[in-house]
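In: Predicted structure and sequence below. I'll ask about it afterward.
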Amino acid sequence: MTLRTTVRRLAVISCLLVVFAPPIRALAQGDDTMSQKEIESLRDAAYIPNDRVMTFVKILDTREREIEDLLSKPRRPGFDQDMHDLIEQFSSISGEFNDNLDEYQSKHRDIRKSLPKLVSAIERWNTALRAPAEDEAYNVVRKMALDSLKDMRDTATTMQTEQAEYFKAHPDAAKMEKERADPEHTPVPQ
């Protein structure tokens, strides 16, 4: 094998790694952060940003309810670990959600319809994450989750203003986003 062939193969492998890195990372986590049903719902909503935002909101609402359910029951052995795991899941999901928001912001994807609902949900989530008493078993992951929510709130409130201005100044972009959200333009899963 020549040096040129080896370099070409390495270049192809590098390109493939770049293309498939996010899906591989998501599969490699395998930490039960999300159920298979939740993952599928995110995949189904991938082509319509407002739907994807609302799907993330529903998933985080589920974690919020689970935290509240855990708090409503008498404290039992394993409570600290269960709370840690729920908050860690919340933090991981909200981090992925933040990545999606950043992408939507940079690509001017229209999520104006879902942003007010998201901002409202963030306040609820903040309250739910602050509800458990201080405990070293989950204080670190709670701080990470709260920091993630702060970033999410900052991004969402900034996007509300930016998107209103952007789509007012670019009516063609607004029209194009509306056409993308039309079910006729949504790819059918194979």
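Out: Received it, and whenever you're ready, just let me know what you need.
In: Every contact and neighbour count from this point should use C-alpha atoms.
Out: Fine.
In: Past the host helix or strand of E103, which element shows up next along the chain?
Out: Here E103, judged by DSSP states H and E, is contained in helix 79-106. Per DSSP H and E, helix 79-106 leads on to helix 115-130 as the next helix or strand towards the C-terminus.
In: Name the residues of the helix or strand following that following helix that come out as buried.
Out: The C-terminal neighbour of helix 115-130 among helices and strands, as given by DSSP H and E, is helix 139-169. For helix 139-169, a neighbour-count test (16 or more other CA atoms under 10 Å) marks 139, 141-142, 144-149, 152-153, 155-156, 159-160, 163, 167 as buried.
In: I figured H84 hits Y138, correct?
Out: Yes: between H84 and Y138 there is a contact at 4.7 Å, judged by CA atoms under 8 Å.
In: ok, back up a step: in the helix holding E103, what counts as buried?
Out: Going by 16+ other CA under 10 Å, helix 79-106 has these buried residues: 82-95, 97-98, 100-102, 105.
In: cool, and stretch 126-139?
Out: Taking 16+ other CA under 10 Å as the criterion, stretch 126-139 shows 126, 128-129, 132, 138-139 as buried.
In: now swap in stretch 170-178 and tell me
Out: 173-174, 177.
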